[in-house]
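> quick one: sequence plus predicted model below, questions after.
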Amino acid sequence: MANGETRVRGLAARAGVWSARHRWAAVGVWVLFVVLAMGLGSAAGQVEVKDSDQLKGETHTAAKIIEDAGVEEPASETVLIQGKDGSLKATDAEFRAAVDAVMKAVEATGRVTDVTSPYEARTISRDGRSALVQFDMRGESDTAGERVEPVLKAVENVQKDHGSLRIEEIGGASMMKTFDDAFGDDFQKAELSAVPVALGILLIAFGALVAALLPVALAITAIMATMGLMAVVSHIQPMSETAGSVMLLVGMAVGVDYCLFYLRREREERAAGRDAQTALRIAATTSGRAIVVSGVTVCVAMAGMLFTGLAEFEAMGLASLMVVAVAMVGSVTVLPALLSLLGERVEKGRIPFLRRRRTDGSSESRFWGAVLKRVLARPVLSVVVATGALLAVTAPAVGMKTQQLTLDQEFGDSLPIVQTYNRLNEAFPGGSDPAEVVVKADDINAPEVKAALADFREQAVSSGASRGPVEIKLHDAQDLAFVYVPLVGGSDMDKAAESLDKLRDEVRPATLGKVDGVEAPITGQVAGSSDFNDQLIGSVVPVFAFVVVFAFLLMLLSFRSLTVAITSIMLNLLSVGAAYGILVAVFQHGWGAALVGAEGVGAIVSWLPLFLFVILFGLSMDYHVFVVSRIREARLRGRTTKDAITHGVVTTAGVVTSAAIIMVAVFAIFGTLSMQSMKQMGVGLAAAVLIDATIIRGVLLPAVMALLGERNWYFPAWLNRLPDLTHDEAPEAVTAKDAPESEPVRV
């Protein structure tokens, strides 16, 4: 080439070199892309996942019937009235006076409708010491929490006049308001605090403000662009608020990681005496290639969520996939352009008292150098100890129990409304979360349908599935009936699930099932949890197979080594298993739960295990690809395998540690939220990343590779027909001038 330049090969290298030469054009194209994506997203608007699409099975069928009929179910509220010392009964005059006062007070607000007396609806407990006044909120159920305040105040005023009674309100609207007041800002604070936390850690890692701002800026712009793309794509695949939160988490993690990998390599090469152009070219060819391999692997892992058949998971998977792809493209295009523009100014804004980077080009970690020395001296012992420790941590996962968390499991006793929930369930088992039977008929008022509804109500109680009262609401115009059945078991999800099975498998076929043309799917919280678990269990094998097989193929083609591909998968699975074990130990059994501000709730939230598998499998590849790429590069330079392992691990230890600390800190923020499900997610992700960056990459990986020796690069001849994705190695990386004459390069 002209001017003595070395020809570069590979997509990442060509993109980096082009961007460095046309830096203003590269920056301009990126800014234009972000602005256009946001503009298109704003113009298109985001389509949210519908309730009818959330789940499959009966829950989906019921939601679809309600949606097609155009019935808007109101937010139902309940006022629990009971004697504080158990002396008063519902038949006492004072008790009756309190019931009348509650009914008049809530009606006077003008915000409610269909107020029912416990004496008419038979909502009095078996011991006669508790009663329920029930009513519906006017207006849309989604916004009922914004209108319930006057009703809550009215109930509080009645409570003041009846000191011997406990008068408490609970329901969809009141819970919505309570949670918004208590936790409404939790997510926003967590999301906003992720940026300053990442920036603070990067400041310590780089010691310069400009260098620290670059990864954060790339991550934020990638997230902004993806938010716009999500809105556009939502017209094909509806999105959700949860998908947006997950996208932000993943985007911040990979955006910072990719930029960190690239920037540290460029600084290292410049510190070693390379000129700016050469340093950028080497960074593009080495770290840039690792970013592309890692990014594609992470995208494949995230795509696994598309096989669950669950709309929420599909939205999360697609959103995560997009943000990873955007961050990957930005890292190999606009980042080289910015580094070329900034030059030495990337060191601007030095932080006092922080050590300046070495000027000899060494980026080796002394700590990990000492660890590696001992690991490689006794690789067998290191493998046995590290693997044994991880398997011991994984062991509790064998007894993992998953379910949708109930209100008291999710929030503990920190809120008064949770205590009301527990008292209501004690007096009226299942009354707080009844099963809902959606009955659709050609004529809901037909004699045979009415008789079947009456039989269903009677048998629901006589079968032992419910203790009543079973409430029926007719919608004549739509030929629908809603049957509300409090399940025996209440907040005990296992017992409630048994009651649900009785309704579905025994009571329904014997009553409503005998009438031609009648559909009667059963929904509700317990049914939703059961259907969700069934759907999730059915999707585990295809998701697992897809992610593992495609990750294996990508590693095989990218490193041209069967051994590297197999060990990559095994180590990642070990990392995920350890995360599962920690989750079960802390949140299911309660071991050490107080250390993370949590408590043992007896179960792991249903969606988390599969979610963690996909996310962790993808993110683990970040570090693995980066470390193994550096080892392979050193081996191609002519080092022995043992020396290449040492060089690869200790030179990447700093950047991997910095990236891991950022991920752990960001994920740990979510572990501080009040909701147990968010604590589980935050602690699970943080623990897994910490294990992955230390025990897996710092001990187990080098020990296993040291034991395998030259077998690390084994690639059977019959696989030579497969595409070769290793052609884009840097020219500097494949020179063997430093290789010992006695050991030829065989990679």
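Okay, I see it.
> in the stretch 601-747 of the chain, what spans have low per-residue confidence?
For the stretch 601-747 of the chain, the stretches with pLDDT under 70 are 725-747.
> now the helices for it?
Using DSSP state H, counting those that start in this stretch, the helices of the stretch 601-747 of the chain run over 608-636, 641-670, 676-691, 701-708.
> reformat the ones you listed as JSON lines; add mean neighbour count.
For the C-beta atoms, the positions are set from N, CA and C on the backbone; glycine is no exception. Formatted as JSON lines, those follow (neighbours: other CB atoms under 10 Å):
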{"stretch": "helix 608-636", "mean neighbour count": "25"}
{"stretch": "helix 641-670", "mean neighbour count": "23"}
{"stretch": "helix 676-691", "mean neighbour count": "24"}
{"stretch": "helix 701-708", "mean neighbour count": "22"}
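> quick one: which of those helices is nearest A253?
Closest approach to A253 among the helices of the stretch 601-747 of the chain (CB to CB): helix 641-670, 5.1 Å.
> how close does G16 sit to V293?
Remark: distance between G16 and V293 (CB to CB, to the nearest Å) = 15 Å.
> what's the answer for E458, then?
Counting by CB to CB, the gap from E458 to V293 is 64 Å.
> of those two, which one has the most company?
V293 (24 against 14; other CB atoms under 10 Å).
> test my guess that the more buried one contacts L554.
Yes. The criterion here is CB atoms under 8 Å, and V293 meets it with L554 at 7.0 Å.
> which residue ranges of the stretch 1-150 of the chain form strands?
76-83, 112-116, 130-137 (DSSP state E, counting those that start in this stretch).
> in its sheet, what does the second one sit against?
What that stands for is strand 112-116. Using DSSP bridges, the strands paired with strand 112-116 in its sheet are strand 130-137 (antiparallel).
> average pLDDT for the partner strand?
Rounded to a whole number, the mean pLDDT of strand 130-137 is 90.
> measure how that strand sits relative to strand 76-83, angle-wise.
Angle of strand 130-137 versus strand 76-83, following axes from the mean of the first three to the mean of the last three CA atoms, to 10 degrees, is 160 degrees.
> may I have strand 130-137 exported as PDB, CA atoms only?
Only the C-alpha atoms of strand 130-137 are listed here, as PDB (Å, rounded to 0.1, in the frame of the first residue of the first chain):
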ATOM      1  CA  SER A 130     -64.300 -10.600  59.900                       C
ATOM      2  CA  ALA A 131     -66.300  -9.200  57.100                       C
ATOM      3  CA  LEU A 132     -65.600  -7.700  53.700                       C
ATOM      4  CA  VAL A 133     -67.200  -4.600  52.000                       C
ATOM      5  CA  GLN A 134     -66.400  -4.800  48.300                       C
ATOM      6  CA  PHE A 135     -66.700  -2.300  45.500                       C
ATOM      7  CA  ASP A 136     -65.200  -1.300  42.200                       C
ATOM      8  CA  MET A 137     -63.400   1.900  41.200                       C
END
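> can you list contacts of that strand?
Residues outside strand 130-137 that contact it (CB atoms under 8 Å, 6 or more residues apart in numbering) are 74-82, 90, 95, 99, 102-103, 106, 111-119, 121, 123-125, 144, 147-148, 151, 171-173, 424, 427-428, 431.
> the lengthiest helix in the chain packs against which elements?
Using DSSP state H to define each element, the chain has its longest helix at helix 525-559. Helices and strands in packing contact with helix 525-559 are listed as helix 57-69, helix 276-303, strand 402-403, strand 435-440, helix 493-502, helix 562-583, helix 608-636; criterion 3 or more CB pairs under 8 Å, 6 or more residues apart in numbering; DSSP states H and E.
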